[in-house]
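A.B. asks: what follows is a predicted structure for the sequence shown.
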Amino acid sequence: MASSARVDLDGNPIKPITICMIGAGGFIGSHLCEKLMSETPHKVLALDVYNDKIKHLLEPENAHPWSDRIQFHRLNIKQDSRLEGLIKMADLTINLAAICTPADYNTRPLDTIYSNFIDALPVVKYCSENNKRLIHFSTCEVYGKTIGSYLPKDSPLRQDPAYYVLKEDESPCIFGSIEKQRWSYACAKQLIERLIYAEGAENGLEFTIVRPFNWIGPRMDFIPGIDGPSEGVPRVLACFSNNLLRREPLKLVDGGQSQRTFVYIKDAIEAVMLMIENPARANGHIFNVGNPNNEVTVRQLGEMMTEVYVKVSGEPKLETPTIDVSSQEFYGVGYDDSDKRIPDMTIINKQLGWNPKTSLWDLLESTLTYQHRTYAEADCNMESKQSSESSKKKEGSENESSYSVGAIAAGAAAGIGLLAWGLSALVSSAGSESERKKKTMKAPGKDDIIQREEFERDPKGYFRDLRKN
Ligand SMILES: NC(=O)c1ccc[n+]([C@@H]2O[C@H](COP(=O)([O-])OP(=O)(O)OC[C@H]3O[C@@H](n4cnc5c(N)ncnc54)[C@H](O)[C@@H]3O)[C@@H](O)[C@H]2O)c1
Ligand SMILES: O=C(O)[C@H]1O[C@H](OP(=O)(O)OP(=O)(O)OC[C@H]2O[C@@H](n3ccc(=O)[nH]c3=O)[C@H](O)[C@@H]2O)[C@H](O)[C@@H](O)[C@@H]1O
């Protein structure tokens with residue numbers, strides 16, 4: 001609970017501050033808001049186009065002790081004159097807003113570049129001009145590919161950490177050619193990092209840059225056809241969760257050979273909290289935030305998620321749990337990939353004493369338990385539609401076990417995540433006859449459908465119009 005006796009890493013009392021959080025309604029923002037509300041006295045001005053992932057923190061009927069400490073402002077930072085005023089009202093701005101799903105980088109490169117560079121410019125400018133501290137969310141993708149990936153496949157140097165460990169102050173940023181539009185995101189993020197760094201050097205902007213390395217957990221992205229467009233392609237955790245929920249084989253892009261390190265969102269949020277509350281130690285730094293101990297190939301991730309899902313759902317494993325797809329088929333022309341991402345932890349360790357704690361198995365178990373409860377148990381099987389009322393009651397009475405009360409309460413009571421683009425999604429699996437199953441999904445909230453439908457009708461036009469402004 002919030003307490004006035006809280007101290008920073010140097011033993012100084014932490015004063016309550018006001019935070020302007022842009023992109024507060026997203027995956028990371030929702031977890032950060034939850035943490036700030038439940039464990040600190042800080043105030044949050046939460047800015048986003050959507051708020052469905054933080055609705056459970058905002059609803060007055062829940063009579064939260066923090067209701068006077070969080071205020072939602074529905075605005076698009078591309079075109080809203082309220083932005084500067086909100087930044088001025090706060091002590092600290094945290095910018096999370098971005099297009100950050102790889103499926104968009106090569107198919108909507110203009111929107112990706114505008115979102116990650118142009119739209120962030122006014123935020124940096126207002127912070128610099130008004131002497132406000134900025135924590136900006138960049139990405140591990142700024143490192144691009146490892147130096148080792150350019151060595152011959154059988155070179156022993158590929159095993160040498162000097163050729164693959166990614167260091168904030170030493171590693172180069174290695175992207176593919178311009179035709180490989182995958183790198184539009186990384187390149188835009190790199191340039192905004194350079195701009196922020198230059199504002200610090202020339203104009204004294206107090207900044208911290210965060211480079212997340214595949215943070216995963218509950219509420220990440222969307223499940224296509226349930227709380228996102230049926231043709232949408234989210235990040236890998238949601239892609240694989242979707243396949244598992246629908247009893248379809250997991251799709252391994254180009255054989256699933258790329259390697260990633262995954263960190264649990266709750267561990268990563270601890271690192272952000274340390275940055276927020278220790279400005280003297282965090283200002284002027286770029287921090288890798290990841291878990292070097294949780295490295296797997298995407299194929300191994302798929303296999304582990306399959307095993308964990310069998311455990312948490314009680315459903316049998318598919319006869320064919322994975323299939324290979326080419327990146328061109330899955331993402332389209334211009335896709336490319338980061339081969340390996342091991343974060344060096346020296347700087348964050350030295351400055352903030354932070355270390356990740358949760359193993360990959362544990363974080364997948366808690367995340368897939370959430371996914372299963374939120375999505376699978378909210379579905380009604382076609383064949384047993386009549387019994388849906390009793391199952392809804394069961395869903396409402398579920399107790400929280402491995403994840404936060406807030407998240408589960410949101411999933412169960414408010415149907416969080418179940419916003420839906422359509423009233424129902426009929427899904428048939430690609431497995432054997434016994435595994436085949438049809439599902440209808442729960443009805444979404446009316447406001448959410450209207451908002452999302454507008455965007456889904458013409459996402460390109462939506463962003464194109466905004467660019468004109
Ligand atoms: N999740 C990760 O592991 C990860 C990894 C690397 C980098 N990041 C970076 O962290 C940040 C947050 O990521 P996330 O995973 O929470 O993504 P997210 O998509 O869940 O959240 C981003 C939020 O920003 C909002 N937003 C986008 N454009 C906006 C605009 N113009 N005006 C107002 N709101 C807008 C979106 O509505 C969304 O709620 C991003 O900058 C992303 O590039 C995340
Ligand atoms: O999370 C991060 O740290 C950063 O990396 C992500 O990029 P990436 O890891 O490539 O994105 P994912 O969608 O999570 O894909 C991971 C890997 O799984 C593969 N994949 C994805 C989806 C799928 O169904 N199957 C599959 O094999 C992809 O090709 C890729 O190799 C995104 O760019 C950002 O959210 C973020 O900046």
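C.D. replies: Perfect, thanks for sending it. Ligands and ions are numbered 1, 2, ... in the order given.
A.B. asks: can you list the residues of the chain near ligand 1?
C.D. replies: Proximity of the chain to ligand 1 is confined to 23, 25-29, 48-50, 76-78, 96-98, 100, 115, 119, 137, 139, 212, 214-215 under the rule C-beta under 6 Å from any ligand atom. Every C-beta, even on glycine, is put in place using the N, C-alpha and C of the backbone.
A.B. asks: so which of those belong to helices?
C.D. replies: Applying DSSP state H to the residues of the chain next to ligand 1, the entries found in helices are 27-29, 115.
A.B. asks: hang on, the earlier thing: show the buried residues in the residues of the chain next to ligand 1.
C.D. replies: With neighbours counted using 16 or more other C-beta atoms under 10 Å, those contain these buried positions: 23, 25-29, 48, 50, 77-78, 96-98, 100, 115, 119, 137, 139, 212, 214-215.
A.B. asks: among those residues, which are in strands?
C.D. replies: Under the assignment DSSP state E, those contribute 48, 137, 212, 215 to strands.
A.B. asks: and the residue lying closest to the first one once chain neighbours are set aside, what does it touch?
C.D. replies: In space, not counting the residues next to it along the chain, Asp48 is nearest to Gly25; the distance is 3.3 Å by C-beta to C-beta, 6 or more residues apart in numbering. By C-beta atoms under 8 Å, 6 or more residues apart in numbering, the residues touching Gly25 are 46, 48-54, 72.
A.B. asks: tell me which residues in stretch 359-368 are buried?
C.D. replies: Neighbour-count burial for stretch 359-368, counted by 16+ other C-beta under 10 Å, picks out 360, 363-368.
A.B. asks: sorry, that was for stretch 335-352
C.D. replies: Of the residues in stretch 335-352, those with enough neighbours to count as buried (16+ other C-beta under 10 Å) are 335-345, 347-348, 351-352.
A.B. asks: for stretch 307-322, same thing?
C.D. replies: 308-310, 312-313, 315, 318, 321-322.
A.B. asks: one more: stretch 276-292?
C.D. replies: If you call a residue buried by 16+ other C-beta under 10 Å, then stretch 276-292 has these buried ones: 276-279, 281-292.
A.B. asks: do stretch 244-259 as well
C.D. replies: 244-254, 256, 258-259.
A.B. asks: report whether that stretch contacts ligand 2.
C.D. replies: Yes. Between stretch 244-259 and ligand 2, judged by C-beta under 6 Å from any ligand atom, the touching residues are 251-253, 256, 258.
A.B. asks: circling back: how close does the residue nearest to Asp48 sit to Cys33?
C.D. replies: Gly25 is 9 Å from Cys33, where distance means C-beta to C-beta, to the nearest Å.
A.B. asks: hey, what's in contact with both of the two?
C.D. replies: Counting by C-beta under 8 Å, 6+ apart, the shared contacts of Gly25 and Cys33 are 46, 54.
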